[in-house]
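sequence below, structure please.
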Amino acid sequence: MDELKPCPFCGGKAELSSGKYDGKEISYVRCVKCLSQGEFFLVSAKYASAEKAIKAWNRRAKDEQIENAPTIERKQGKWLDNYQYG
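Numbering: from 1, shown residues only. As a prediction, the model looks like this:
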């Protein structure tokens, strides 16, 4: 099984969890610090849900995509100043 990456939101430790949803066993990954959760996967003999949950949690945008992403500058009052009343 792959090692879990830290939380993409707060950097906290992640853990594999399980529970029930609609009466069925599920596996998912959650952050122990900010309680963010990944996708839920049903537990069954057909699907390796723990592995799928870990793979989904560890999926990240490529560093290059993050570095090249456009940034948004917010200036106080900009939206109101440019709004046309009428």
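
quick one: mean pLDDT for the longest helix anywhere in the chain?
Counting residues, the longest helix found in the chain (DSSP state H) is helix 49-58. Over the span of helix 49-58, the pLDDT mean works out to 88.

counting by contacts, list what that helix packs against.
Counting contacts by 3 or more C-beta pairs under 8 Å, 6 or more residues apart in numbering; DSSP states H and E, helix 49-58 packs against strand 14-21, strand 24-31, strand 41-42. To be clear about C-beta, it is placed using only N, CA and C from the backbone, and glycine gets the same treatment.

any chance of a markdown table for the ones you listed, columns mean neighbour count?
Output for the helices and strands packed on helix 49-58, formatted as a markdown table (neighbours: other C-beta atoms under 10 Å):
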| stretch | mean neighbour count |
| --- | --- |
| strand 14-21 | 14 |
| strand 24-31 | 18 |
| strand 41-42 | 18 |
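
out of those, the one nearest A50 is which?
strand 24-31 (4.7 Å; C-beta to C-beta).
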